[in-house]
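> need a 3D model of the sequence below.
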Amino acid sequence: MLKWVEIDLKTLAGNARAIKKALEPGVKFMAVVKADGYGHGAEKVACAALASGADCLGVLTADEGAALRAALPKARIHLLAPSLPEEAPLIIRAGLTPTADSLPFIKALDRAAKRPVAYHLDIDQGLGRWGAAPGEAEALLRAALKCKKARPGWLSAHLAYRPAQNMIEAEEKLQAFAALAGRLRALAPELKAHAASSAILSDFPRWQLDMVRIGNLLYGIYPTDVYRKKRQGPPLPGLGRPWQFYARIISIRSVKKGESLGYASEFTAPQDMRLATIPAGYSDGLTMEPTESKIKITAGFRYWGVINGKKAPFAGRTGIVHTLLDVTHIPEARPGTPVALHVRRTSANAKIPRIYR
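Presented below is the predicted three-dimensional model:
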């Protein structure tokens, strides 16, 4: 096998247990498995998370939820984005808990339901993707409560928070959201509230409310380093990365200083070099950006693979299915040697074999 992704489900399960341990008593843990479990495989991730402390699952759309329902008939599956009114029958058939921010969808859900069905009423807290305006939430809820079968179970918000950049604003919006939830409970006492993503849980742990929605941390991705800088440690000790993309070296050649390579001779060797070719490129999710190997017009940035713990920088521009690596200082590199590569998980080609362990 020339390229593959290894996914360690034991590490992922350990991440789920660490997240659950960090929650206050009674706080629900939604494991977010949208985008095919961030590229890890939604079904595999969902099973590992549910077995290790997650209470429910979160996906973005009704189609994602319906596909996951076929594999997990008993799981609680929530939709994180609003659906269209015409999707209401699918949502009911698949037993999904949708998100709503408009009366037409809530009415469609009510018509499609044969028995009471809960939904999340989403509030826009500045992200601007969807959600009812805070000032309009009470009027929307009053109108929605006239429906007999579609019932508001959750109040949700997605904050426009970027770690360390707008912490005061985020704190103010969390306070405002909690206050709004308190007022709306006067109309619907059963309402539960949630606004905590991985970043919010890490930097504002007191705002867990009734549930947290965790994606990045589940996959070992720290979305913030605020906690580390302030408290000298990660927000959740012991999290690991369950994902690694590998490609094997298929060719090695030596080049002389000044020798040009690539289309239009775009790369010129700055010194005598030993270059390795791997059969992975931007169609697999690697960067298309060129390295600056000639005249440095900026401080420069170089991508790299890792061989036996040693960095092997990219040489020249990544091709559609190949990349050159500088292995001049890695004498043990040879054809067949595996190279660990950094790739955005949700961008990784779905056809790359996934190996679970």
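> from here on, just use CA atoms for contacts and neighbour counts.
Will do.
> low-confidence ranges in the stretch 251-357 of the chain?
Low-confidence segments of the stretch 251-357 of the chain (pLDDT under 70): 288-301.
> in stretch 103-123, what counts as buried?
By neighbour count on 16 or more other C-alpha atoms under 10 Å, the buried set for stretch 103-123 is 105-110, 112-113, 117-123.
> mind checking how far the lengthiest helix in the chain is from the chain centre?
In the chain, with assignment by DSSP state H, the single longest helix is helix 167-184. Offset of helix 167-184 from its chain centre (C-alpha atoms, centre = their mean, to the nearest Å): 24 Å.
> in it, what's buried?
So, applying 16+ other C-alpha under 10 Å, buried residues of helix 167-184: 167, 170, 171, 173, 174, 177, 178, 180, 181, 182, 184.
> tell me how far residue 114 lies from residue 93.
From residue 114 across to residue 93, the span is 10 Å (C-alpha to C-alpha, to the nearest Å).
> which outside residues touch stretch 162-181?
With C-alpha atoms under 8 Å, 6 or more residues apart in numbering as the test, stretch 162-181 has contacts from 125, 134, 155, 157, 159-161, 191-193, 195, 199, 203-204, 207, 223-226.
> next structured bit after the lowest-mean-pLDDT helix or strand in the chain?
Least confident helix or strand of the chain, by mean pLDDT, DSSP states H and E, is helix 226-231 with a mean of 52. Next helix or strand after helix 226-231 toward the C-terminus (DSSP states H and E): strand 243-248.
> chain center to the next helix or strand along the chain from that next one: distance?
Following strand 243-248 in sequence order, the next helix or strand is strand 251-255 (DSSP H and E). How far strand 251-255 lies from its chain's middle: 38 Å, per C-alpha atoms, centre = their mean.
> strand partners of strand 251-255, parallel vs antiparallel please.
As defined by DSSP bridges, the strand partners of strand 251-255 come to strand 273-278 (antiparallel).
> between the partner strand and strand 243-248, how many degrees?
Here strand 273-278 runs at an angle of 110 degrees relative to strand 243-248 (axes from the mean of the first three to the mean of the last three C-alpha atoms, to 10 degrees).
> what does strand 273-278 contact?
Strand 273-278 is contacted from outside by 247-257, 315, 322-328, 334, using C-alpha under 8 Å, 6+ apart.
> please enumerate the strands of the stretch 51-200 of the chain.
For the stretch 51-200 of the chain, strands defined by DSSP state E, counting those that start in this stretch occupy the ranges 56-59, 77-82, 97-100, 117-125, 150-159, 192-196.
> now the first one, how far from the chain's geometric center?
If I follow you right, that is strand 56-59. Worked out by C-alpha atoms, centre = their mean, strand 56-59 lies 12 Å from the chain centre.
> just the fourth one next, same as before
The chain centroid and the centroid of strand 117-125 are separated by 21 Å, computed with C-alpha atoms, centre = their mean.
> elements contacting it?
Judged by 3 or more C-alpha pairs under 8 Å, 6 or more residues apart in numbering; DSSP states H and E, strand 117-125 is in contact with strand 97-100, strand 150-159.
> do the last one as well
Counting contacts by 3+ C-alpha pairs under 8 Å, 6+ apart, the secondary-structure elements packed against strand 192-196 are strand 150-159, helix 167-184, strand 211-214.
> dump those to JSON lines, plus distance to residue 73.
Below are the helices and strands packed on strand 192-196 laid out as JSON lines (distance: least, C-alpha to C-alpha, whole Å):
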{"stretch": "strand 150-159", "distance to residue 73": "21"}
{"stretch": "helix 167-184", "distance to residue 73": "31"}
{"stretch": "strand 211-214", "distance to residue 73": "21"}
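> quick one: closest of the ones you listed to residue 40.
Set against residue 40 and scored by C-alpha to C-alpha, these come closest in strand 211-214, at 14.8 Å.
> run the chain-centre distance for that closest one.
Relative to the chain's own centre, strand 211-214 is displaced by 13 Å; criterion: C-alpha atoms, centre = their mean.
> over to stretch 336-349?
The answer for stretch 336-349 is 17 Å, by C-alpha atoms, centre = their mean.
> for stretch 186-193, measure first residue to last.
One end of stretch 186-193 sits 14 Å from the other (C-alpha to C-alpha).
> same check, this time on stretch 261-271
13 Å.
> contacting residues around that stretch?
Here stretch 261-271 makes contact (C-alpha under 8 Å, 6+ apart) with 255, 256, 257, 258, 259, 260, 293, 294, 315, 316, 317.
> residues near the closest residue to the first one other than its chain neighbours, how many?
I take that to be residue 255. What sits nearest to residue 255 in space, not counting adjacent residues and going by C-alpha to C-alpha, 6 or more residues apart in numbering, is residue 273, at 5.3 Å. If you count neighbours by other C-alpha atoms under 10 Å, residue 273 ends up with 17.
> give me the below-cutoff pLDDT ranges for the stretch 101-250 of the chain.
Applying pLDDT under 70 to the stretch 101-250 of the chain flags residues 225-235, 237.
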